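Please work out how this folds:
(2 chains)
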Amino acid sequence: MPGFRINRRRFLTGAALGASGIALAGCDAFDSVSDTDNKVRHVLERANDLTYRVQRLLGGRNSLAQEYTEADIRQPQRPNGSTAPDDDTYKGLLANNFADWRLEITGLVENPLSLSREQLMAMPSRTQITRHDCVEGWSCIAKWTGVPLSLVLDEAKVKPQARYAVFYCLDNIDQDEDGPIKYYGSVDMVDARHPQTILAYGLNGGPLPVENGAPLRVRVERQLGYKMPKYLSKIELVDSFGDIGDGRGGYWEDRGYDWYGGI
Amino acid sequence: MKSATFTEVQPNAEPAPVKTGTVIYRQSAWTRLTHWIWAIAIFFLLLSGLQIFNAHPALYIGKQSGFAFDNSVLRFTAEDTPAGPKGYTTVFGHRFDTTGVFGLSGPASDREARGFPSWATIPSYQDLATGRVIHFFFAWVLSITLLLWLIASLINGHIRRDLAPRGEDIRHLPRDIADHARLRFHHTGRYNTLQKFSYGIVLFILLPLMILTGLAMSPSMDSVIPFLTDILGGRQTARTIHFTVMVLLVLFFVVHIVMVLAAGPINELRSIITGWYRTDPPTGEKET
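Coordinates of the predicted model:
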């Protein structure tokens, strides 16, 4: 029989085999890559370093995230993660409308700071209507008002060896055998000094609500939402975050998420 | 009769033995290598992509996702009903019960609310972080390979010689569609009209569009090339296009496999592995 004639039985057998192969494809054969110590995962994660380098090369220090108009604000900012911190310290500060709250600027700075909300609000402010992109895939446009982080860093006089700004938060995001785990995160100095990186105390024309991070959250507009910690209490300038948490630069990063959230 | 065509693709052929056809070198090393790299990359991109989608199994049109308004076009949800938990798929406002596949799936005793079922995602359980690690690695692999293929195929003539449609391709289109519908294939050194169109659409439209819509979802890339997101209709529209192109690529894959099986899997596989391909004997079936 010439090879090009269709043998229907062979065709159907092949089609059935092919279909069952596809059905088995996903299964759990690759689940071991979930382990953050997995060697294959470490190779795959190198792609994130490449993305980071290339996006820094393309965007430089000052490429600006898109800004929108008032007409694009069509809904309240969707909260995610902690929305009502269950922490006694936080609840005490909230009960007093954050009059006793302070933002500490520490670490590799010549002039450590302890700033009240009033002091921050007395500094020059920036208002921007930007799109918040969650790592889950959704987006939400809102108007944020706050003080540029670069102004605060200038006042603290950051030492040249500082490479990262680490944000410490008041909310208990999780619990383990040692007790509550507090949210934290970090960005490089390029994003820390980016013109749109602000310490926000206002949302859509009003004060920042508790569910969105009152009294203060950071906006890092060229990255995803998990890189913008809420309920800030301290910013530490460091040359390495290897000794903080599990050493990957943030709460979600310690759980396998990329440190660079630009994509 | 097409003896002229056969002479063309067998430049140094003796008069071919009448019954067996001739084995010709059809696929260059570049074509074969990139084909298999894409096969692997797209496999992982698809299954890790469905994992990522499952983190928020809804698609929207516009710049943002409507929570206080409705701009969604597709949504997978799970609900408790008097008849037990159910999975639903809502497409353009029309809701379908898709329990077991979309919205709610897993063993009947242990149903789980998830967009796509466990067998369609890597990892098999909900793990967005790992899905992203896998997805972005293979996104780089796909993009770099596509670029290398484009350069190599422009230089070695693959695009001009094999993929670019000619006048005769257009003329043969109705007959080619009829032949495919009857699973009748003509094995020559050339791609037939529908092959040229489908490979061309995948290589020059779908894969580039996949990369562009992927980049448009990156907040950092949006600061570099904001017009891309605008052209695509906003970030959430870009995400919806990304998903739609995925569906089209899956359809292409299914048809591609069916065609390979129908046209003779041994010969087709040999040509994409070794490059060598057996053509029809010149006096075989007449093309009418």
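
what residue lies at the spatial centre of chain A?
Closest residue to the average C-alpha location of chain A: A:Lys227 at 1.2 Å, with CA atoms, centre = their mean.

which residues does the residue of chain B most remote from its centre contact?
Centroid-distance maximum for chain B: B:Pro82 at 40.4 Å, with CA atoms, centre = their mean. Shown in contact with B:Pro82 (CB atoms under 8 Å, 6 or more residues apart in numbering or on different chains): no residues. Quick note: C-beta positions are derived from backbone N, CA and C, even for glycine.

Look up phi and psi at it.
phi -60, psi -30 (degrees, to the nearest 10).

Ok, B:Pro85 next?
phi -70, psi 140.

Determine the longest helix present in chain A.
helix A:39-59 (DSSP state H).

Buried residues in that one, which are they?
For helix A:39-59, the neighbour count (16 or more other CB atoms under 10 Å in any protein chain shown) marks A:41, A:44-45, A:47-48, A:51-52, A:55-56, A:59 as buried.

circling back to that earlier point, now name the helix or strand holding the nearest residue to the residue nearest to the centre of chain A once chain neighbours are set aside.
What sits nearest to A:Lys227 in space, not counting adjacent residues and going by CB to CB, 6 or more residues apart in numbering or on different chains, is A:Gly261, at 4.2 Å. Using DSSP states H and E, A:Gly261 falls within no helix or strand.

one step back: next up, the contacts around the residue nearest to the centre of chain A.
Contacts of A:Lys227 by CB under 8 Å, 6+ apart are A:185, A:187, A:220, A:250, A:261.

Mark which of these are part of strands, please.
A:185, A:187 (DSSP state E).

Which one of the contacts of A:Lys227 is nearest to A:Pro195?
Nearest to A:Pro195 out of the contacts of A:Lys227 is A:Val220 (CB to CB; 11.7 Å).

Could you report the neighbour count for the closest one?
Using other CB atoms under 10 Å in any protein chain shown, A:Val220 has 25 other residues around it.

Against chain B, how distant is it?
Noted for A:Val220: a distance of 9 Å to chain B, by CB to the nearest CB, to the nearest Å.

Need the pLDDT of that residue.
Confidence at A:Val220, expressed as pLDDT, is 98.

Roughly how far does it sit from A:Ala200?
11 Å (CB to CB, to the nearest Å).

which stretches of the chain form strands?
Picking chain A for this. With DSSP E, the ranges of strands along chain A come out as A:103-107, A:113-115, A:126-133, A:139-148, A:164-176, A:179-188, A:198-203, A:206-207, A:217-219, A:232-238.

right idea, wrong chain: chain B
Along chain B, counting by DSSP E, strands occupy B:23-25, B:58-60, B:72-81, B:84-91, B:94-97, B:103-105, B:112-114, B:276-278.

Would you convert those into CSV that also reports mean neighbour count, mean pLDDT and distance to A:Ile141?
Output for the strands of chain B, formatted as CSV (neighbours: other CB atoms under 10 Å in any protein chain shown; pLDDT from 0 to 100; distance: least, CB to CB, whole Å):
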stretch, mean neighbour count, mean pLDDT, distance to A:Ile141
strand B:23-25, 15, 89, 56
strand B:58-60, 23, 98, 12
strand B:72-81, 17, 96, 16
strand B:84-91, 16, 96, 24
strand B:94-97, 11, 97, 28
strand B:103-105, 24, 96, 28
strand B:112-114, 19, 94, 28
strand B:276-278, 18, 90, 54
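
give the contact list for the residue in the stretch 1-150 of chain A that chain B sits nearest to.
In the stretch 1-150 of chain A, the residue that lies nearest chain B is A:Gln75 (3.4 Å; CB to the nearest CB). Residues near A:Gln75 by CB under 8 Å, 6+ apart: A:140, B:64, B:66-69.

what does the stretch 51-200 of chain B put close to chain A?
Counting by CB under 8 Å from any CB of the partner chain, the residues of the stretch 51-200 of chain B close to chain A are B:52-53, B:55-56, B:58, B:60, B:63-69, B:118-125, B:127-130, B:132-134, B:136-137, B:139-140, B:183-187.
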